[in-house]
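S.K.: Structure for this input, please:
(one chain, ligands or ions: 1)
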Amino acid sequence: MSAQSPVGEPEVRTAPPRRDPAAKRQHLDVCLYEDVEYRKPTGLEAWTFQNEALPEVSLEHLDLSCSLAGRRLAAPLMISPMTGGTPRAGELNLRLARVAQRFGLAMGVGSQRLALEDAARARWFKVRHVAPDIALFANFGGAQLVRGWGVDEARRAVEMIEADALFIHLNPIQEAIQGGDQDFRGLSARLQGLCTALHAEGIPVFAREVGFGLSENAARRLLDCGIAGLDCAGAGGTSWARVEALCARSERRRVLGERFAEWGIPTSQSILNVRRVSADIPLIACGGLRDGMDVARALALGADVGSMARAMLLRANESEAALAAFVESVLTELRVCMFGSGAANVKALRGRVFRDDPAV
Ligand SMILES: Cc1cc2nc3c(=O)[nH]c(=O)nc-3n(C[C@H](O)[C@H](O)[C@H](O)COP(=O)(O)O)c2cc1C
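M.R.: Prediction:
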């Protein structure tokens, strides 16, 4: 018999099987040391900044600040959710968080499913003590909502890391390849119930793809659920189908992952899709952003914040100093894009690109 659903219809089907920590460890290693990137680009590279020969702005006095989930960010840059739950992941999270604090960035931790199922793992998600001021996002999967998780788990995830908001990640293609959760029926209703309950408690719920992009239809339906913001993580960076192919334990799953390695809406299109549906929903852009120009282009296309996963992970794995140097370079490049296109602040960047299509 299924339990009474805590967040709307439909009722839960079965309890989710426990997450295996070894699988998460393998994701880290594969993302660090294997060729996991899409062959196709994000599409951001096709957009060129309007060069402003008479910018009337000072490179030194640009305003990069913005807000996200009720916090002020010193710059529109985020460290995407990646990891947690093991000692090594905990150390990486601390490095990421210290750098986020130093530069005034936002950050998400990886799926907290491991720690929600085994409280002993919670300490490897906690970063608030080193990053008291950052916009911090908790995280678990939409698939868990379908399997019965709800307000209680969401609250626990947020409280565990003293987060400002919760990410619900959506990853149907990854689950299909993994042989994980493959029944997403009823997710909208449960997401809607969760958004309503958490909104009443002042906790914003953001929905995010993990790197396959959002269609206009998905964006519209997520807005209808009452989500407070979106991360439209699209294709062009880390291919989660390719990651799963490399992690596969059977030849059949490896072939399936390889077949879908290029599946996904490129990040540029994913941003435009969301903005066609809503001009003002808080929007994080992720998926294949590698430098400050990519961040600037994402902002020019309509995102409020640019976010990076693997690019940050590679530097954090090297050292905290390497990560800080990388963030410094990203912010410098972003500033030069703003200066060169005459944008005194982040909002003013929007629209300052044109499509650089040699065929036209
Ligand atoms: C090692 C690793 C683990 C990840 N784990 C999660 C996760 O637990 N939850 C989530 O929402 N996204 C997760 N992601 C997805 C990223 O947040 C991001 O959406 C995706 O990698 C695309 O961005 P990129 O091209 O900058 O890597 C993970 C990414 C990496 C590299």
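
S.K.: Next up, the contacts around the residue of the chain found nearest the ligand.
M.R.: The nearest approach of the chain to the ligand comes at G237, 2.0 Å away (CB to the nearest ligand atom). Just so you know, the C-beta spots here come from the backbone N, C-alpha and C atoms, and that holds for glycine as well. If you count contacts by CB atoms under 8 Å, 6 or more residues apart in numbering, G237 has them with 37-38, 42, 211, 267, 286-290, 309-311.

S.K.: try 6 Å
M.R.: Contacts for G237 (CB atoms under 6 Å, 6 or more residues apart in numbering) come out as 287-288.

S.K.: Next: the one 10 residues further on.
M.R.: Counting by CB under 6 Å, 6+ apart, C247 touches 26, 30.

S.K.: distance of it from I161?
M.R.: Taking CB to CB, to the nearest Å as the measure, C247 falls 26 Å from I161.

S.K.: ok so, going back, please read off the pLDDT at the residue of the chain closest to the ligand from the model.
M.R.: pLDDT, G237: 98.

S.K.: low-scoring stretches of the stretch 1-150 of the chain, by residue?
M.R.: For the stretch 1-150 of the chain, the stretches with pLDDT under 70 are 1-19.

S.K.: try 90
M.R.: Judged by pLDDT under 90, the stretch 1-150 of the chain has its weakly predicted residues at 1-25.

S.K.: now the strands: where do they sit in it?
M.R.: For the stretch 1-150 of the chain, the strands defined by DSSP state E, counting those that start in this stretch cover 47-49, 66-68, 71-73, 77-79, 106-108, 135-141.

S.K.: Which among these is found nearest to V330?
M.R.: For V330, the closest of the strands of the stretch 1-150 of the chain is strand 77-79, at 6.5 Å, according to CB to CB.

S.K.: Which strands or helices does that closest one pack on?
M.R.: On a contact count with 3 or more CB pairs under 6 Å, 6 or more residues apart in numbering; DSSP states H and E, strand 77-79 meets strand 305-308.

S.K.: Quick one: mean pLDDT for the next helix or strand after the strand it packs on?
M.R.: Sequence-wise, the next helix or strand downstream of strand 305-308 (DSSP states H and E) is helix 310-318. If you average the pLDDT over helix 310-318, you get 98.

S.K.: how about the strands of the stretch 1-150 of the chain, which one is nearest A22?
M.R.: Comparing the strands of the stretch 1-150 of the chain under CB to CB, the one sitting nearest is strand 135-141, at 17.7 Å.

S.K.: Parallel or antiparallel, which strands does the closest one pair with?
M.R.: Looking at strand 135-141 with DSSP bridges, its partner strands are strand 106-108 (parallel), strand 165-170 (parallel).

S.K.: Enumerate the residues of the stretch 201-350 of the chain near the ligand.
M.R.: Within the stretch 201-350 of the chain, the positions lying close to the ligand (CB under 6 Å from any ligand atom) are 208, 210-211, 233, 237-238, 286-289, 308-311, 313.

S.K.: nearest to R113, of those?
M.R.: Closest approach between those and R113, by CB to CB: V210, at 13.6 Å.

S.K.: so what's the closest one up against?
M.R.: By CB under 6 Å, 6+ apart, the contact set of V210 is 169, 171, 233, 240.

S.K.: quick one: which of the residues you listed sit in helices?
M.R.: Counting by DSSP state H, those place W240 in helices.

S.K.: Please enumerate the helices of the stretch 251-360 of the chain.
M.R.: 251-259, 267-277, 292-301, 310-318, 320-340, 346-349 (DSSP state H, counting those that start in this stretch).

S.K.: Figure out which of those is closest to M82.
M.R.: Of those, nearest to M82 by CB to CB is helix 310-318, at 5.8 Å.

S.K.: In terms of secondary structure, what does that closest one contact?
M.R.: Under the contact definition 3+ CB pairs under 6 Å, 6+ apart, helix 310-318 sits against helix 87-103, helix 320-340.

S.K.: go with 8 Å
M.R.: helix 21-33, helix 87-103, helix 320-340 (3 or more CB pairs under 8 Å, 6 or more residues apart in numbering; DSSP states H and E).

S.K.: Need the contact partners of stretch 68-78.
M.R.: For stretch 68-78, the external contacting residues (CB under 8 Å, 6+ apart) are 64-67, 103-108, 133-135, 137, 164-165, 204, 206, 228-229, 282, 284, 286, 295, 299, 303-308, 327, 330-331, 334, 346.
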